[in-house]
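>>> Build me a structure from this.
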Amino acid sequence: MISGPVPGLRRPADLAPRPDPGHEPALLEVIRTEITSAGPMTFARFMELALYHPELGYYSTGSRGPGRTSDFLTAPESHPIFGWTIARQLEETWDRLGRPARFTIREHGAGSGALAAGIIEGLERSDSPLRDVLRYRIAERAPDRERQLRERFETLGAGDIFEPDDGAPVEGAVLGNEVLDALPVHRVTANEDGALRELYLGLDGQGALSTVSGQPSTPALSARLDGEGIRLAPGQRAEICLELDPWLTAAAGGLARGLLLLIDYGHPAAALYDPDRGSLLRAYLHHRVHDDPFVNVGRQDLTAHVDLSAVERSMRAAGLEHLGTTTQAEFLTGLGAGDLLVALQADPQTQLEGYLVARSALFRLLDPRATGRFAVLAFGRDLPAEPPLRGLAFRLPRRP
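Numbers count the residues shown, from 1 in each chain. Now for the predicted structure:
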């Protein structure tokens, strides 16, 4: 997520800070009732309820998520140039597959549909023949999101591209932009002897949510750290996402042939669990970031940095070839995002303000101090890996 105002992009007219919304009361009662009846709750369970409760969760209503007037911006919302650039990688993928008569994209966590809109617009701007054979599916938890996105496609004049997702494996591409960071995580720490402890949710004497330490809820937590050669320092807090493996296995199973592309913020295991880094759990609200997950329950986003080592291992286990990992800045540069900006400036129909907005957004997308440091992970199934994909060639040396 892009926290805070994006340079060159206007915030809503009322720039005064908005008050915190407080808890979703019915959801808080669900959580309290479950803790009262079943005992302390894992943070992963709390995060699942806070974000994905079928009726009360942050993402489930379809009215919250990314956007300028919401809580955070992802790269596609910053400017369509992000989607225009991704379209170039998809066109290269189509070429390597032999230009099949049907190329299907499945996007997980499509949100407002900004990435899809940017991809379609990018293909139309370049007069790409891929536009004529493209089909687009979205995999979303929010029940109303499919209707919203179908309407957006129709507004774009691309109603022919959108199709319901039947779950069948696709030939084309599977996309996940800032999805993994919102998967539920367990919170853990280590005691003075180095033994792993899990941090649960309990209730204090006044019925407020509180943190309770206990034995790990599953041996899979220790197994994840042991498998990565990680030992937490005494008192160190960290997050472990056990949902990664089933999510990635399902996403990989949805690709019959083509490219699986993930973009997110994260680190290899050794860096993710560095004692100096500490907890990477964050909450996003009204374009502000903080680290208290127990306020505004159900009305703020919750995220944690991604274990890139676990992602790569899981994808290989699912039978996909790891084509490469790079940064967002290098990925977009390799695909010629700068050229797209130059072409926009040269377009006689582009007004100065529009160009300046695009330039400012692209600078932030490339800035290693902002989202340019995000990781891009590319995997393929029956997709020729040589020469390296354009988005990876800026980073990866050519193999002998």
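>>> For stretch 342-357, buried residues please.
Neighbour counts using 16 or more other C-beta atoms under 10 Å place 344, 357 of stretch 342-357 among the buried residues. In short, each C-beta sits where N, CA and C put it, glycine included.
>>> May I have that stretch as PDB, with CA atoms only?
Output of stretch 342-357 as PDB, limited to C-alpha atoms (Å, rounded to 0.1, in the frame of the first residue of the first chain):
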ATOM      1  CA  VAL A 342       7.900  10.000 -22.800                       C
ATOM      2  CA  ALA A 343       5.300   8.900 -25.300                       C
ATOM      3  CA  LEU A 344       2.600  10.400 -23.000                       C
ATOM      4  CA  GLN A 345       4.500  13.800 -23.000                       C
ATOM      5  CA  ALA A 346       4.800  13.700 -26.800                       C
ATOM      6  CA  ASP A 347       1.100  12.900 -27.300                       C
ATOM      7  CA  PRO A 348      -0.600  16.200 -28.500                       C
ATOM      8  CA  GLN A 349      -3.800  15.200 -26.700                       C
ATOM      9  CA  THR A 350      -2.000  15.100 -23.300                       C
ATOM     10  CA  GLN A 351      -2.400  18.200 -21.200                       C
ATOM     11  CA  LEU A 352       0.500  19.400 -19.000                       C
ATOM     12  CA  GLU A 353      -1.300  18.600 -15.800                       C
ATOM     13  CA  GLY A 354      -2.000  15.100 -16.900                       C
ATOM     14  CA  TYR A 355       1.600  14.500 -17.800                       C
ATOM     15  CA  LEU A 356       2.800  16.000 -14.500                       C
ATOM     16  CA  VAL A 357       0.500  13.700 -12.500                       C
END
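>>> Just to check, Ala361 is in contact with Ile81?
Yes. Proximity of Ala361 to Ile81 meets the contact threshold set by C-beta atoms under 8 Å, at 6.5 Å.
>>> Phi, psi for Gly214 please.
For Gly214, the backbone dihedrals are phi -160, psi -180 (criterion: degrees, to the nearest 10).
>>> what's the neighbour count on Gly109?
Counted with other C-beta atoms under 10 Å, the neighbours of Gly109 add up to 23.
>>> Next, it: phi, psi?
Dihedral angles (degrees, to the nearest 10) for Gly109: phi 60, psi 50.
>>> List the residues that contact it.
Neighbouring residues of Gly109 by C-beta atoms under 8 Å, 6 or more residues apart in numbering: 139-140, 176-179, 182.
>>> What subset of these is buried?
Neighbour counting by 16+ other C-beta under 10 Å classes 139-140, 176-179, 182 among the contacts of Gly109 as buried.
>>> all helices for the stretch 301-400 of the chain, in order.
Remark: helices assigned in the stretch 301-400 of the chain by DSSP state H, counting those that start in this stretch are 308-317, 328-334, 337-346, 352-366, 390-393.
>>> gap between the second one and the chain center?
If you compare the mean C-alpha spot of helix 328-334 with that of the full chain, they lie 17 Å apart, counting by C-alpha atoms, centre = their mean, to the nearest Å.
>>> Okay, now the sheet partners of the host helix or strand of Arg187, with direction.
Element membership for Arg187 (DSSP states H and E) is strand 186-190. Take DSSP bridges as the rule and strand 186-190 pairs in its sheet with strand 196-203 (antiparallel), strand 237-240 (antiparallel).
>>> what's the most buried one of these?
strand 237-240 (a mean of 24; mean count of other C-beta atoms under 10 Å).
>>> Give me the helices and strands touching whichever helix or strand comes after that one, please.
Sequence-wise, the next helix or strand downstream of strand 237-240 (DSSP H and E) is helix 244-253. Applying 3 or more C-beta pairs under 8 Å, 6 or more residues apart in numbering; DSSP states H and E, one finds that helix 244-253 contacts strand 170-177, helix 308-317.
>>> Would you list the strands that the first one pairs with, along with their directions?
This means strand 170-177. Within its sheet, strand 170-177 is paired with strand 103-108 (parallel), strand 255-264 (parallel), according to DSSP bridges.
>>> Residues in contact with the following helix or strand past the last one: which ones?
Meaning strand 255-264. Sequence order places strand 266-267 as the next helix or strand after strand 255-264, per DSSP H and E. Defining contact as C-beta under 8 Å, 6+ apart, one finds that strand 266-267 is touched by 180-181, 272, 277, 305-308, 311, 375.
>>> how about 10 Å then?
180-181, 241, 272-274, 277, 280, 304-311, 373-375, 377 (C-beta atoms under 10 Å, 6 or more residues apart in numbering).
>>> Could you say which of the helices and strands packed on helix 244-253 is packed most deeply?
Mean neighbour count (mean count of other C-beta under 10 Å) peaks for strand 170-177 among the helices and strands packed on helix 244-253, with a mean of 24.
>>> Can you check what angle separates that one from helix 244-253?
If you take axes from the mean of the first three to the mean of the last three C-alpha atoms, to 10 degrees, strand 170-177 sits at 150 degrees to helix 244-253.
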